[in-house]
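Engineer: coordinates only, sequence not included:
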Ligand code: AMP
Ligand code: MG
């Protein structure tokens, strides 16, 4: 049976911590998205995570620690650039790939001899890890190929009965996964975009490049209907969407769009999901979940251009649409 813990009501986590240390499985909040955690040092417990997620065994799990003493126990060869990244971005949404030590079972890292680790920015998450007392696994709390979750009630719907505990810490503050980096030949390679941007790292005087992630799961952003990102300039956007609707009267069309275009289009399409450009990162997965649940043939998604986060949001939206644009 799955037990629910509501951190807002200050529920006691002692019993949960003991259970997880002994190989139990929990869904827990972080500042990025909800994660699935167990004792990362326990091979059999780690196997359960792959089963619960339906994840391929060669797709490595990220590991969370609550401090750098715990980090030193599981990784080796920490260099100057790693240290700079740690000093500037931890606790926070930056996962760094390190050489792994043998205490970490091979299944955690899907057979890789490296492991992705971070200290989470959410102090409640750090407290939970502190209580458990060992590094914990933290892949996103979703069935493989489904959208990530930033809200415990959705986690409950998907995982009730499949895990020992679900810890409700409210909505995730950031709302998208961590940025993942690897240091190679003195250069920081970004393997996955997140809220820490290329420019944020470059400010430290470090060279940064984009790279691709091994065994990447392209279905991660699947909203189960077609999606097209509308990338034209703002002044042409109404015309472009209007044209698409007129030429596709046989389709059930949805729009994921700005508040300002709601009045223009909401009565002409089957679903209009509004976003506020300034808060889109925090709400992205709730928006995508709402889109997934709607019975729509194709979603037109307005591009996001005018915020600091535009680059990373567009990266995610292009994955939602499989790079389809008009
Ligand atoms: P998730 O567990 O769904 O948050 O995804 C974590 C991502 O981190 C996966 O796409 C992994 O491929 C990637 N990852 C984790 N560990 C490593 C590693 N050691 N080397 C490269 N990529 C990694
Ligand atoms: Mg994931």
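Structural biologist: Okay, I see it. Predicted model, so just to flag it, every value in this text is computed and none were measured. Ligands and ions are numbered 1, 2, ... in the order given.
Engineer: how close does the residue of the stretch 51-200 of the chain found nearest ligand 1 sit to residue 110?
Structural biologist: Of all residues in the stretch 51-200 of the chain, residue 139 sits closest to ligand 1, at 3.0 Å by C-beta to the nearest ligand atom. For every residue, glycine as well, the C-beta is placed using N, CA and C. Per C-beta to C-beta, to the nearest Å, residue 139 is found 11 Å from residue 110.
Engineer: which neighbours do those two share?
Structural biologist: By C-beta atoms under 8 Å, 6 or more residues apart in numbering, residue 139 and residue 110 have these common neighbours: residue 61.
Engineer: The two: which is more packed in?
Structural biologist: Just comparing residue 139 and residue 110: by other C-beta atoms under 10 Å the higher neighbour count belongs to residue 139, 22 against 17.
Engineer: Please identify the buried residues of stretch 240-249?
Structural biologist: Of the residues in stretch 240-249, 240-241, 244-245 count as buried by neighbour count, 16 or more other C-beta atoms under 10 Å.
Engineer: before we move on, what about stretch 158-175?
Structural biologist: Of the residues in stretch 158-175, 158-159, 162-169, 172-175 count as buried by neighbour count, 16+ other C-beta under 10 Å.
Engineer: Which members of these occur in strands, if any?
Structural biologist: Within these, residues falling in strands by DSSP state E are 165-168.
Engineer: Help me confirm that residue 8 is found in a strand?
Structural biologist: No: the assignment for residue 8, made by DSSP: H, G, I helix; E, B strand; the rest coil, is helix rather than a strand.
Engineer: and the nearest residue to the residue of the stretch 51-200 of the chain closest to ligand 1 once chain neighbours are set aside, how far is that from residue 7?
Structural biologist: Nearest non-adjacent residue to residue 139, counting by C-beta to C-beta, 6 or more residues apart in numbering: residue 61, 4.8 Å away. As judged by C-beta to C-beta, residue 61 and residue 7 stand 23 Å apart.
Engineer: of these two, who's got more company?
Structural biologist: A direct count of neighbours by other C-beta under 10 Å for residue 61 and residue 7 places residue 61 higher, at 25 against 18.
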